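Asks: Take a look and give me a structure for this.
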Amino acid sequence: MAHFAEIDLNNRVIRIVVACNQDIANNGGEQSEQAAEHFKTVCPLLENGVKWVQTSYNSNFRKQYAGIGSTFDSIKDKFIAIQTHPSWSLDDNDDWQAPVAYPTVITYGDNVYYFISWDEIGQRWIGKDRQKNEFIWIPSSLSWVSTGN
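Replies: Next up, the predicted model:
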């Protein structure tokens, strides 16, 4: 199955739909403008939609599968994921990166994984163990420190 992302005037993805592979093959083929134009006759654009762009469910082309709210960069011909946190910035590969690198130690005890999340207010990584004890990642020592919670 082929997938198409509908793009609005701001290059935001507003919906994703599935198309018939044979229909795409008969009208210009994978990733072609002809297939995208033909798809408008099969699935009309919404009121605020301006065009269809094919996306790859397996991320085989255009960097990654489009998501609602993600952006299509027509110059780079790829989809850019939604910025998950205001402090994060795009790297050279157009991936969002936190201002503090992701922890290199992700397990404790007998290789039990921490539940790791980003704390936007504190600009740090928080890890929780299975008992919900909270830890802060300290990049300079490459270790976790208990918060006492």
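
Asks: only C-alpha atoms for contact and neighbour calcs from this point on.
Replies: OK.

Asks: Tell me, please, the helix or strand in this protein that averages the lowest pLDDT.
Replies: For the chain, the helix or strand with the lowest mean confidence is helix 21-25, at a mean of 86 (criterion: mean pLDDT, DSSP states H and E).

Asks: Just the CA trace of that one, in PDB.
Replies: These are the backbone C-alpha positions of helix 21-25, laid out as PDB (Å, rounded to 0.1, in the frame of the first residue of the first chain):
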ATOM      1  CA  ASN A  21      -0.100   0.600  -5.300                       C
ATOM      2  CA  GLN A  22      -1.300  -0.300  -8.800                       C
ATOM      3  CA  ASP A  23      -3.000   3.100  -9.100                       C
ATOM      4  CA  ILE A  24       0.300   4.700  -8.200                       C
ATOM      5  CA  ALA A  25       2.200   2.500 -10.700                       C
END
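
Asks: out of all of them, which helix in this protein is the longest?
Replies: helix 33-42 (DSSP state H).

Asks: Check which helices and strands the helix or strand just after it is in contact with.
Replies: For helix 33-42, the following helix or strand on the C-terminal side (DSSP states H and E) is strand 49-55. Counting contacts by 3 or more CA pairs under 8 Å, 6 or more residues apart in numbering; DSSP states H and E, strand 49-55 packs against strand 2-8, helix 33-42.

Asks: Could you identify which of these is most buried?
Replies: Ranked by average neighbour count under the criterion mean count of other CA atoms under 10 Å, those are headed by strand 2-8 at a mean of 23.

Asks: residues in contact with the helix or strand following that one?
Replies: Remark: after strand 2-8, the chain's next helix or strand is strand 13-19, criterion DSSP H and E. Here strand 13-19 makes contact (CA atoms under 8 Å, 6 or more residues apart in numbering) with 1-8, 39, 49, 66-72.

Asks: Contact partners for the residue nearest the centre of the chain?
Replies: Nearest to the geometric centre of the chain sits residue 81, at 3.4 Å (CA atoms, centre = their mean). Shown in contact with residue 81 (CA under 8 Å, 6+ apart): 66, 67, 69, 70, 71, 95, 96.

Asks: show me where pLDDT drops low in this structure?
Replies: Within the chain, no range satisfies pLDDT under 70.
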